[in-house]
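Chemist: Below is the sequence, then the predicted model.
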Amino acid sequence: GTFCLALTYLARLAQRHLDVRQTENALILMAAYPFAIYFSAPYSESLFLLAMCGLFLSAHEERFGRAALWGLVAGLTRPNGWLLALPLALLMFHEQARPAGRREWLRRGVAAAAPIAGVLLFTYYLHLQFGDGFAWVRGQAAWGRTFRGLHLLAADRLTYMREYGMSAYLTDFPTDALNTAAALLALPVIVPVTKRLGLVYGLLMGVLVLPPLLVGGTLSMGRLTSILFPLFIWLATAIPVQHRVTVLIVFATMQGFGATLFFTWRPLF
């Protein structure tokens, strides 16, 4: 239900850049995406996608009170939700018309800061409940997330494939291969997304992809890319008409493979 509601907001956002047919394609591509399985699992993807789409749609419509509420939800849903404040501030203070008066500046400022407020509220809750407000930071470290440059990330995989072959890599590390493919799809697309949809959405892609990639490698990149709605809006325009069915078949097939791994308790995260 949450994912379906998120798609209604996404459709309204997509229509700012696409025609009706392309908007439909963007929604179908997101639903068919290999890692869309997390939208039907007890994870935060659906709620975070809904909060993001509601946040940016409300900001575009200059409904700043509503944007603040969605921003608060986004910050409460995920610790990295505070990063949404960056593209949101760019949208409201740079791309939109100059605020008229102090009250307008205040309304926009509150809306832009709402994702940060959400994370701070969550941190305060952890402090009250467990005496450790930053347990969410240490929880990430428990997954082995440490800073590594992108060059080392690539070198590890290329070295393995050079020594044992591509087939061995796909057989021995199918989950990592899927997550790496998701990263390789999202990362290069930041530039064309910026050109097609604007700097706000290029920045949104960057803040949601680059930090986790730098500190955690490809871990969870499939999940993290599943909510990148600018990616699917761009894909709806970039994929030639004659190749759309092929891409959808590939997406859906890989989603079936990922679902098999996930629901048979393989570590697809």
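Modeler: That came through fine. All of these numbers come straight from a predicted model, not from anything done at the bench. Numbers count the residues shown, from 1 in each chain.
Chemist: which one's the longest helix in the chain?
Modeler: Under DSSP state H, the helix in the chain containing the largest number of residues is helix 102-130.
Chemist: next structured bit after it?
Modeler: helix 135-141 (DSSP states H and E).
Chemist: What lies in contact with that following helix?
Modeler: 79, 122-123, 126, 132, 215-216 (Cβ atoms under 8 Å, 6 or more residues apart in numbering). Every residue, glycine included, has its C-beta placed from N, CA and C.
Chemist: Make a PyMOL selection of the buried ones in those residues.
Modeler: Only the buried members of these enter the following PyMOL selection, criterion being 16 or more other Cβ atoms under 10 Å:
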select buried, resi 79+122+123+126+215+216
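Chemist: Which entry within the contacts of helix 135-141 corresponds to the minimum pLDDT?
Modeler: Within those, pLDDT reaches its minimum at Gly216, with 76.
Chemist: related to what we said a few turns ago, please identify the buried residues of the longest helix of the chain?
Modeler: For helix 102-130, using 16+ other Cβ under 10 Å, the buried residues are 107-109, 111-119, 122-123, 126.
Chemist: With respect to Ser167, which of the contacts of helix 135-141 is nearest?
Modeler: Gly216 (26.1 Å; Cβ to Cβ).
Chemist: measure the closest one to Gly65 for me?
Modeler: Counting by Cβ to Cβ, to the nearest Å, the separation of Gly216 from Gly65 is 35 Å.
Chemist: In a markdown table: the contacts of helix 135-141, plus distance to Phe56.
Modeler: Formatted as a markdown table, the contacts of helix 135-141 follow (distance: Cβ to Cβ, whole Å):
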| residue | distance to Phe56 |
| --- | --- |
| Pro79 | 20 |
| Phe122 | 21 |
| Thr123 | 24 |
| Leu126 | 27 |
| Asp132 | 32 |
| Val215 | 25 |
| Gly216 | 25 |
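Chemist: remind me which residues of this structure are low pLDDT?
Modeler: For the chain, the stretches with pLDDT under 70 are 140-148, 266-269.
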